[in-house]
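Chemist: sequence and predicted model, in that order:
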Amino acid sequence: MTKQENPTYKFDSLGTKGPYRLVDYWYFNRSLQSYNVEGYNHMMRTAPKVDIGGIGSCSYCGTPIIHHYIVVDSTGKSFFTGCECVLKINHGLKKDMESFKPKRDKAVREASLMKRNANYNNFLKENEDYYRSLPHDNDYFAKRGKSFFDYLVYCGKDASKNTQHKFMGIAKEKLNMNPSLYASEVERFKNLIEGYNKEVAEQEAERKRREESRLASKHKFEVGAKFEGLELTCEFSTCTTSNWAYTTYLNSFIDKDKNCFVWFTNKKYSRGEIVTLKGTVKSHTYYQDRAQTIITRCKEIEIEAA
C-alpha cells in the first residue's frame, strides 16, 4: 500500500489545508460574567484571535465549547476546536493535546477558585457592617483595629472549598449571637483599641523623652575625678549577670540637666527614685549616640537639712 501524495483532512472543509498543528490552549470562563463583569470583559479583550470562527464555539462543528484548542494549518490559518473534535478527527493532534493538559487543569482550578472566592465574598458583604463591629479573633490584631470581617477575609481567601464552608459556618454562628454577648464583644473591641492607642501614645512620649535626653546628655567631670553631693534620678534599672554568676544591676540616672550617669552595683533602684551620691568617675562612653558618664565606688549620702 503506497502513501498518498496529497492526503485529505476533514478540517479541509473549513477552507484550510493540512497537515495541522495544535499550537495553544485557552479556557473560556463563561460563568465569570455572572459575578465579575470587569474580569469577564478583560478576559474577552485579551482572548487569542483566530482567522476562522470565534470564541465560544468549535470552528469545525459549531458546538459550544469552553476548552479552546488553537489549530494552525500548513498555510498559517488558525481556528478554534474543542477536545471532542480533536479526539475524533485526530489528524495527529491527540498527542499535542496531551501536552496542554497541565495548562488546562490549571485554568479549570483557577476558574473554580475565582467562583468560590466570589461566592464567599458575597456572603460576607451581606453582613459586612455587623462583622466589622466585632473584634478580630486574635487580640493582637484586634488591638490594632482589625475586625472579625478582616479575620474572615484573610482565612477564606483562596482557601479550599471545605475551609471556606468552615468559616462561613463560623460567620453564621456570630450572626446568631445573643444580643447581650454581641454588645459585650463590641465594647471589648472598643476597649482593646483604646488601650492599644494609649500604649502607643505612652511609647511615643517615652521615645521623645529619651531622644531629648540623648541630645541633652554630656560627659561630666574628668575621668578619675571624685565627686560628692551629686543628686540623680533613676531612669531605669536592668539586671546583668557576670561570668562568675554574680547578679549586677545596671542603673541609669540623670541629673537636673539631663546628663546620663551609669552605675553598676548590686542594688536595684526604682524608676523615678532620687538619690544623692559620692563616688569616682570611671570612664566616658557613648550608647546609641548618647553620652554616658560611668561612675563607680559610689555611696549614698544624706543631705542635712538647712
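Modeler: Perfect, I can see it now.
Chemist: who's in contact with stretch 64-73?
Modeler: With contact meaning CB atoms under 8 Å, 6 or more residues apart in numbering, stretch 64-73 is reached by 11, 16-30, 48, 50, 55-58, 78-83, 86, 93, 97, 100, 104. No exception for glycine: its C-beta is placed from N, CA and C like everyone else's.
Chemist: just checking, residue 21 touches residue 96?
Modeler: Yes - using CB atoms under 8 Å, residue 21 makes contact with residue 96 at a distance of 7.0 Å.
Chemist: let's see which of the contacts of stretch 64-73 end up in strands.
Modeler: Those of those mapping onto strands are 21-27, 78-81, per DSSP state E.
Chemist: filter the residues you listed down to the buried ones.
Modeler: 22, 25-27, 78-81 (16 or more other CB atoms under 10 Å).
Chemist: closest to residue 256 out of the residues you listed?
Modeler: Proximity of these to residue 256 was ranked by CB to CB; the top entry is residue 27 with 76.3 Å.
Chemist: would you mind measuring from that closest one to residue 87?
Modeler: Residue 27 sits 18 Å away from residue 87, going by CB to CB, to the nearest Å.
Chemist: what of residue 285?
Modeler: Relative to residue 87, residue 285 is positioned 82 Å away (criterion: CB to CB).
Chemist: again with residue 132
Modeler: Residue 132 is 52 Å from residue 87, where distance means CB to CB.
Chemist: try residue 298
Modeler: According to CB to CB, residue 298 and residue 87 sit 93 Å apart.
Chemist: who has more neighbours, those two?
Modeler: Ranked by neighbour count (other CB atoms under 10 Å), residue 298 and residue 87 place residue 298 first, with 20 against 11.
Chemist: what's the nearest residue to residue 232 if we skip its chain neighbours?
Modeler: Sequence neighbours aside, residue 253 is the residue nearest to residue 232 in space, at 3.6 Å (criterion: CB to CB, 6 or more residues apart in numbering).
Chemist: got a list of what that neighbour touches?
Modeler: Taking CB under 8 Å, 6+ apart as the definition, contacts of residue 253 comprise 232-235, 260-263, 269, 275.
Chemist: per-residue pLDDT, it?
Modeler: With respect to pLDDT, residue 253 has a value of 95.
Chemist: secondary structure class for it?
Modeler: When classified by DSSP: H, G, I helix; E, B strand; the rest coil, residue 253 comes out as strand.
Chemist: for it, give its distance to residue 31.
Modeler: Computed as CB to CB, the residue 253 to residue 31 distance reads 72 Å.
Chemist: and if you look at residue 47?
Modeler: Between residue 47 and residue 31 the distance is 16 Å, computed by CB to CB.
Chemist: then residue 145?
Modeler: Distance of residue 145 to residue 31, given as CB to CB: 36 Å.
Chemist: how about residue 280?
Modeler: Between residue 280 and residue 31 the computed distance is 83 Å (CB to CB).
Chemist: contact partners for the residue lying closest to residue 63 once chain neighbours are set aside?
Modeler: Nearest residue to residue 63, sequence neighbours excluded (CB to CB, 6+ apart): residue 82, at 6.1 Å. For residue 82, the contacting residues are 58, 61, 63, 65, 67-69, by CB under 8 Å, 6+ apart.
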